[in-house]
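# here is the input, now give the coordinates:
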Amino acid sequence: MLNFDFQTNKFSNLPKIYQIKYPAEAKGWENGIYQKRQVEKNEIKIPEDQLGLEIITRDWKETGVPLNGDSKTQPIYHYDETTHVAVETTNANYRLVLTIDNEDQIERTIDIFVNDICEETVVLQAHQVRKVNLELALSQDNLDLYFANHNCSSEKCSALTWTLRLLSLSLEKLPLLSSNGKLGIYIASDSTAQTYSPKEEPQSGWGEELYHQLTGEEVEITNSSFYPQATRYTMSTCFVDNRSMGARSSKSFIVEGRLESILKTIAPGDYLLIQFGDNDATAFRPNRFVAANDFPYYIKQYIKSALVRKAHPILVAPPAQFKFDADQKQFITTFDQYRDVVRALSKEYQIPLIDLGDDMTTLLNRFGYEAAHSWYLQVNQDDYPNLIEDKHDVTHFQHYGAFRIAQIIASNLSEITKSAEFTQRRFGQDYRPVIDRKLKKIYLKWPAVKNADFYVIEMSKNKSWEYNSVTTKNESYIDPVEFNWNESHDFKIISIDDQGSSIDEKVISLNG
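Numbers count the residues shown, from 1 in each chain. Here you go, the predicted structure:
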């Protein structure tokens, strides 16, 4: 336990206090890369005659000029000229308790940042002293604390200076979590692995397809973090927790608190799949861009954070884009600089690497140019009413491509983990019932019955069968009425031919 009492200046060990300034204007775009304001850091001595550490802050949001007029490239940065409290510690989970005092005459809404992650937003009334308890999962060997105005100015010239007093700080290291005994797989990645909603059909990520390659009689789908894309697929003896989020790089995934959300729940023996590089390489998107020589700094945080929590990190090189060399008549790998980094880190830390670039191009070349279109989001608007235009996407996937990538991942994981939980299902042939608590629906799928024109679905109720719905497909989302999600339920699938006669019956059971 570390204790820092800034009212009496009694400390477990001496923290570093420094003031941040951004005196010079941002240089802007230089050779296709945005140069933001440079930080000026000045260490200050802890005053001996103050009742609490005075935090002096001036903050603003600054919007830069977009590159070549493209609004998607517009840089947006928050600059916080404020007092920082830095404490040397270790990469682990902690309980942080702060006592803060708003000496101003007005109410303030304050963001509390630790290592550039906004941990909590609190409202302080005028002259209010408040104790704040935070659960942290650090991914670095230090804690850097500062405060920012939640409703900051939109430009520097109108930014006002305000003060706050930090009265005390305590930091308690928490024990490792206990394993639940299941094979646990976490995924930290971008849009190529993300889970998508039905409204985004037919786009899919390999993270949402991976559960098809795992055993278990039924699947339960739940939200697993603070954003709706985070999805856990739970089977009887294993789970996949897909925390992937589109448009994120190794850096932005961390500063938005998404890695931390994994580190708060990952347990000894779990696996962490780490795949970035695609968005890191987009220099024209400054808020996510990570140069290849800076890439190791961020990826090491994922690796070290998993290792210290006795989990198993696995690096995944970026998937191949739809890039075909017409002269060589073959698909080529992409993001090679970032692939080189993860190869080197795999050797440095002696941890597994799944090279999707190599594995995918091998398969794509076997498919050939025409058939390889089936992997990517290259579809016609007329086939999908939710689309506003035809898609000619060389990066993202439709269900078939995401499924095939998940097969590659699962095959590698089977070798790495030596687990019996992996299987090999073909595309579209997973007939297990799914309890989707995110959609509040039951998904049923069954093998198509020859000569069946349609299927009648009945649900057991009070020891009898009641009509639920009818479909011409061999799958259906059931929207149960008066459904107890924690009880067992049976569904009967009745296959009907063109004469209206029942030619087959099948019962699908849910354990709840």
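# residues making contact with stretch 371-383?
202-203, 322, 324, 331, 364, 367, 387-398, 400-401, 404 (Cβ atoms under 8 Å, 6 or more residues apart in numbering). Any C-beta I mention is one placed from the backbone N, CA and C, and that applies to glycine too.
# and stretch 423-437, by the same measure?
Stretch 423-437 is contacted from outside by 212-223, 399-400, 403-404, 407, 410-411, 442-447, 477, 485, 491, 508-510, 512, using Cβ under 8 Å, 6+ apart.
# need the buried ones from these selected in PyMOL.
In PyMOL, this line selects whichever of these come out buried by 16 or more other Cβ atoms under 10 Å:
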select buried, resi 212+213+214+216+218+219+220+221+399+400+403+404+407+410+442+443+444+445+446+491+508+510
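# now the longest helix belonging to the chain - C-alpha only, CSV.
Determined from DSSP state H, the single longest helix within the chain is helix 399-417. What follows is helix 399-417 as a C-alpha-only set of coordinates in CSV (Å, rounded to 0.1, in the frame of the first residue of the first chain):
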residue,chain,number,x,y,z
HIS,A,399,-19.1,-13.6,-43.3
TYR,A,400,-17.3,-16.2,-45.5
GLY,A,401,-13.9,-14.5,-45.4
ALA,A,402,-14.1,-13.8,-41.6
PHE,A,403,-15.1,-17.4,-41.1
ARG,A,404,-12.1,-18.7,-43.1
ILE,A,405,-9.8,-16.4,-41.1
ALA,A,406,-11.3,-17.7,-37.9
GLN,A,407,-10.5,-21.3,-39.1
ILE,A,408,-6.9,-20.2,-39.5
ILE,A,409,-6.8,-18.7,-36.0
ALA,A,410,-8.5,-21.8,-34.5
SER,A,411,-6.1,-24.2,-36.3
ASN,A,412,-3.1,-22.3,-34.8
LEU,A,413,-4.7,-22.0,-31.4
SER,A,414,-5.3,-25.8,-31.3
GLU,A,415,-1.6,-26.4,-31.9
ILE,A,416,-0.6,-23.7,-29.4
THR,A,417,-2.9,-24.5,-26.5
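# is it true that A148 lies in a strand?
Yes: checked against DSSP: H, G, I helix; E, B strand; the rest coil, A148 lies within a strand.
# touching, it and D80? I think so.
Yes: counting by Cβ atoms under 8 Å, D80 is a contact partner of A148 at 4.7 Å.
# more neighbours, those two?
D80 (21 against 18; other Cβ atoms under 10 Å).
# what helix or strand is that one located in?
Using DSSP states H and E, D80 falls within strand 76-81.
# what strands line up against that strand, and which way round?
Sheet pairing of strand 76-81 (DSSP bridges) gives strand 53-63 (antiparallel).
# list of residues touching the strand it pairs with?
Contacts of strand 53-63 (Cβ under 8 Å, 6+ apart): 6, 17, 19, 26, 37, 46-47, 74-83, 85, 146-149, 152-156, 158-167.
# okay, that strand in PDB with CA atoms only?
Extracted in PDB, the C-alpha atoms of strand 53-63 (Å, rounded to 0.1, in the frame of the first residue of the first chain):
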ATOM      1  CA  LEU A  53      -1.200  19.900  -3.500                       C
ATOM      2  CA  GLU A  54      -2.500  22.800  -5.700                       C
ATOM      3  CA  ILE A  55      -3.400  21.500  -9.200                       C
ATOM      4  CA  ILE A  56      -3.300  24.400 -11.700                       C
ATOM      5  CA  THR A  57      -5.000  23.600 -15.000                       C
ATOM      6  CA  ARG A  58      -5.700  25.200 -18.300                       C
ATOM      7  CA  ASP A  59      -7.200  23.000 -21.000                       C
ATOM      8  CA  TRP A  60      -8.700  23.200 -24.500                       C
ATOM      9  CA  LYS A  61      -9.600  21.200 -27.500                       C
ATOM     10  CA  GLU A  62      -7.800  22.100 -30.800                       C
ATOM     11  CA  THR A  63      -9.000  21.100 -34.200                       C
END
